[in-house]
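> turn this into a structure:
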Amino acid sequence: MGNISFEEMLETLEKMPGRSIKLNETQRKVIEHDKGPLRIIAGPGSGKTEVLILRCLKLLLVDEVNPKSIIVTTFTEKAAKNLQDRLTNYKFYIAQEHPDVANLDLFQLRCGTLHSLCNDIMVEYGYPGYKDYRPIDDMEQLMFIFFHSNLAEGPSKLSIGVKKLWEHFEYVWASGWRGALYSKKGWQPTRWMRAQAAQTLFNRITEDMLTIDSMKRAGKNIEELAFAYEAYEKALDEYYRVDFAHMQKKFLSFLESPLGKHFLDGNGTKENPGINYVLVDEYQDTNPIQEEIYLKLADVRDHNIAVVGDDDQALYRFRGATVESMINFNNVCKSRWKCEVVDIPMVDNYRSHPEIVDWVNDYIDSFAVMKKPGARVGDKPRLTWNSKVKGDWPAMAVFTSSRKKNLGVLMADTVRGLLDEDIISDPSDCVLLMRSTRETSTWSKHFVDALRDQGIPVYNPRSRQYLEQEEIQLLLGALLEILDPEPEYNFLSGKTTEVIESWREVYRSSKKQFKELSKYVTESQKYIHGFKRDYLGTSLQEIVYHIISFEPFRTWLEDPERTVRIGEFTRLLEAFCATPIPGYPGLSRGTLQISKSKPGELNWMWKTTFYASFMSLILDTGLNDPEEEDIIAPKGFMPVMTIHQSKGLEFPFVFVNHLEETWSPELQHMLEDEFMKYRRSSVKLASGEDRAKQDLIRFFYVAFSRARYALVILCEEDKMKPGEGKGATLGLGGRDLVWLKERVELVEE
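Purely as a prediction, here's the structure:
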């Protein structure tokens, strides 16, 4: 591979059709940074992804660093793919002027999510502690806990100690709306509630690197939890399964082993150069075990670790992330390596109208709690406007009304006006952001109803309406007619029975129209009825694949949205079938058992287990529509998104609702406080109330900073109360701007 200069690389890329790279002084500092720890505080719209890509290219093409010695971690698989694709495109273009660059094999670059990198590296090096392990995703982990943890056993099997544990951790299982209802009514949590709560606790123990011995010494409920966690770990090892948190724990053990040291140090060869550079994106969403992994990777040589992120955009404390990793990065590096950290703030905003930039600056600065020591990166400068978006229109507005329904009408009228006046070309140029997009009166119902009344289609994959789609209801109805043609529901609740019967009715009402499907269901029932041996020669998965081979599924599978939904169902079913059966590791849950007492029927225990586990799971969790990773919002639709979904995205027009949120400590803050004393290292955190306030402020900061041309806040008048900073809830009450149907002229130079 030939060497080119940094200037040659940039000059070539500046000729790339459809784009222009003109780096500012700050961006150049990031890309040209030489050695040692680097913290890049990248504000919204500051071009951090482009800078990360160019830093990678500079290391590879200019400095001729072996790609296998560079680790680049990103937060999602989609982000990793985007980074790889852009690196490939840039390299290909540069190679047209500098042919020697074509020899660079970018597939040798260690780029991906931390989970994927941990898995790939341990497999590559044949780490004995990871041999033959099967990674399981969050849903598979939940199913594994349901069947293999004593914390999720049926009510009759729960020990007194476990019952007391769940009384103590009521705030965990009662954190969702359904759990809160059970808590209010004085009902015991369901098995799935306990399984989900146990999943939260187990992941927190692993990711926070809690010491099990100190938990055991705590006695009572914490001791009970420690023993349950050890039993869960033992079950994972027994069945060679590894969840994402334990994959990181195993990778940390790998790094501390002789084999891991060989990986880190290398042997001077091209095939094993060791690790020279670590680049971490979205560092504000790092949890303690990930932080330790990144630091361990950078322990060698010159500690060339560059972390990129923005503490003001930290969103994932509820998943165990600690924004304090970003805020305290300098102190950690000084303590660990006795070296200085180079700090580079990227504050030029290339996204938004200047009025929006001023608004988000004033917003984040207006809260006293954000000025407390440790709340933000020290001496953090304000964002500066550097966008091509400018013009004399009201780019910041607040819509108010006494009723949420009226707010929905105001928003829909505005979107319709933008379309009719040709200010925007497509509804996907707008977005509505909320904490939850459930189509209920509390959340998005009034807004999506108003949009549909205006003839504007809505894209809302997180509305928890997956089970209401006709292809899923027909699939479930046909499947249940085969498995259980004469059902007895005496072990299910009335509401569950009602829903399941409605699925069967969807199938029954379709029998005359779809005769091939009906014939298959009837023949399958007869086949099962005439079977005499213990196990059928077919599986649950095979039945589903047969069902979707008939009409109307053949036609539906030509529709991308329906295809994704059906694919998600088969994925869930595969996860259920792959969950090992205690005592029978080689037997699949998808293997259909015949009753010994009632030949011709499926085994009663198999059926009840199927209903009580798989069927109750999909009913209890209220599944979202699966999302296409490459689709932000389909053309012709206005997206309704959670604020978490919007992270990293931008839209010309952004509407934000539900700012009346309170900032009392939530589940994640209470768990941090409870488990702090069991952490390996002492971490100083603000009070639970202060962390709750700061997290909520950051939450809406992310929403506000998505907008390019206009930001519209939707507030009910009775919830605009005097408060901190600029006035009302989250500092909004002092602004009384109104922007309804006035035409907006967009100017982009």
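> hmm, residue 26 is touching residue 381, no?
No: in this structure residue 26 lies outside contact range of residue 381 using C-beta atoms under 8 Å: 10.4 Å. C-beta here means a position set from N, CA and C on the backbone, and glycine is covered the same way.
> who has more neighbours out of these two?
residue 26 (18 against 12; other C-beta atoms under 10 Å).
> buried set for the helix or strand hosting that one?
Per DSSP states H and E, residue 26 falls inside helix 25-32. Neighbour-count burial for helix 25-32, counted by 16 or more other C-beta atoms under 10 Å, picks out 26, 27, 29, 30, 31.
> will you turn those into CSV that also has distance to residue 202 and pLDDT?
Output for the buried residues of helix 25-32, formatted as CSV (distance: C-beta to C-beta, whole Å; pLDDT from 0 to 100):
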residue, distance to residue 202, pLDDT
26, 42, 96
27, 42, 95
29, 42, 96
30, 38, 96
31, 41, 96
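> OK, contacts around residue 501?
Listed by C-beta atoms under 8 Å, 6 or more residues apart in numbering, the contact set of residue 501 is empty.
> is it located within a strand, as I assumed?
No: assigned with DSSP: H, G, I helix; E, B strand; the rest coil, residue 501 falls outside any strand and is helix.
> I'd like to know how far it sits from residue 291.
51 Å (C-beta to C-beta, to the nearest Å).
> hang on, the earlier thing: nearest to residue 173, of the buried residues of helix 25-32?
residue 30 (44.4 Å; C-beta to C-beta).
> pretty sure the closest one is touching residue 51, no?
Yes: under the criterion of C-beta under 8 Å, residue 30 makes contact with residue 51 at 5.1 Å.
> now do the shared contacts for these two.
40, 346.
> any idea which helix or strand carries the residue lying closest to residue 161 once chain neighbours are set aside?
Nearest residue to residue 161, sequence neighbours excluded (C-beta to C-beta, 6 or more residues apart in numbering): residue 224, at 4.7 Å. Using DSSP H and E, residue 224 sits within helix 220-238.
> relative to the helix or strand following that helix, what are the paired strands and their orientations?
Toward the C-terminus, helix 220-238 is succeeded by strand 241-242 as the next helix or strand (DSSP H and E). Strand pairing for strand 241-242, using DSSP bridges, gives strand 134-135 (parallel).
> could I get the average pLDDT for the partner strand?
The pLDDT scores in strand 134-135 average 96.
> tell me where the model's unsure across the stretch 601-749 of the chain.
Low-confidence segments of the stretch 601-749 of the chain (pLDDT under 70): 622-632, 682-683, 718-749.
> what number of residues lie near residue 139?
The tally of other residues near residue 139 (other C-beta under 10 Å) stands at 16.
> other SSEs contacting the helix or strand that contains it?
Residue 139 belongs to helix 138-148 when assigned by DSSP H and E. In terms of contacts (3 or more C-beta pairs under 8 Å, 6 or more residues apart in numbering; DSSP states H and E), helix 138-148 is packed against helix 191-207, helix 220-238, helix 560-578, helix 616-620.
> can you put those helices in JSON lines and add distance to residue 658 and mean neighbour count?
What follows is those, written out as JSON lines (distance: least, C-beta to C-beta, whole Å; neighbours: other C-beta atoms under 10 Å):
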{"stretch": "helix 191-207", "distance to residue 658": "24", "mean neighbour count": "23"}
{"stretch": "helix 220-238", "distance to residue 658": "34", "mean neighbour count": "18"}
{"stretch": "helix 560-578", "distance to residue 658": "27", "mean neighbour count": "18"}
{"stretch": "helix 616-620", "distance to residue 658": "25", "mean neighbour count": "18"}
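> out of these, the one nearest residue 281 is which?
Between those, helix 191-207 lies closest to residue 281; by C-beta to C-beta that is 18.5 Å.
> now the closest one against helix 220-238, angle please.
90 degrees (axes from the mean of the first three to the mean of the last three C-alpha atoms, to 10 degrees).
> which helices and strands sit right next to helix 191-207?
Looks like helix 191-207 contacts helix 138-148, helix 170-173, helix 177-185, helix 220-238, helix 244-255, helix 288-297, helix 616-620, helix 667-675 (3+ C-beta pairs under 8 Å, 6+ apart).
> elements contacting the second one?
Looking back up the chat, that one is helix 170-173. Looks like helix 170-173 contacts helix 177-185, helix 191-207, helix 667-675 (3+ C-beta pairs under 8 Å, 6+ apart).
> run through who's touching it.
In contact with helix 170-173 (C-beta under 8 Å, 6+ apart) are residues 166, 179, 182-183, 189, 193-194, 196-197, 200-201, 667, 670-671.
> and the pLDDT for the residue nearest to residue 161?
98.
> who's in contact with it?
So residue 224 contacts 161, 162, 164, 165 (C-beta under 8 Å, 6+ apart).
> could you tell me the least trusted of the helices and strands packed on helix 191-207?
Taking the mean pLDDT of the helices and strands packed on helix 191-207, helix 616-620 comes last: a mean of 85.
> could you dump that one to PDB, C-alpha only?
Output of helix 616-620 as PDB, limited to C-alpha atoms (Å, rounded to 0.1, in the frame of the first residue of the first chain):
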ATOM      1  CA  SER A 616     -48.200 -15.100  27.200                       C
ATOM      2  CA  LEU A 617     -44.900 -13.500  26.300                       C
ATOM      3  CA  ILE A 618     -46.200 -11.900  23.100                       C
ATOM      4  CA  LEU A 619     -49.400 -10.800  24.900                       C
ATOM      5  CA  ASP A 620     -47.600  -9.500  28.000                       C
END
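> the stretch 551-700 of the chain: helices as residue ranges?
For the stretch 551-700 of the chain, applying DSSP state H, counting those that start in this stretch gives helices covering 553-556, 560-578, 604-610, 616-620, 643-646, 667-675, 688-704.
> show me the contacts for the closest residue to residue 636 other than its chain neighbours.
In space, and not counting its chain neighbours, residue 636 is closest to residue 457: 6.0 Å by C-beta to C-beta, 6+ apart. Residues in contact with residue 457 (C-beta under 8 Å, 6+ apart) are 427, 451, 636, 637, 638.
> how about the first one, phi and psi?
Its backbone dihedrals place residue 427 at phi -60, psi -20, with angles given as degrees, to the nearest 10.
> isn't it right next to residue 456, touching?
Yes: using C-beta under 8 Å, residue 427 is in contact with residue 456, at 5.1 Å.
> neighbour-wise, which of the contacts of residue 224 leads?
residue 165 (24 neighbours).
> which strand or helix spans that one?
Following DSSP H and E, one finds residue 165 within helix 160-168.
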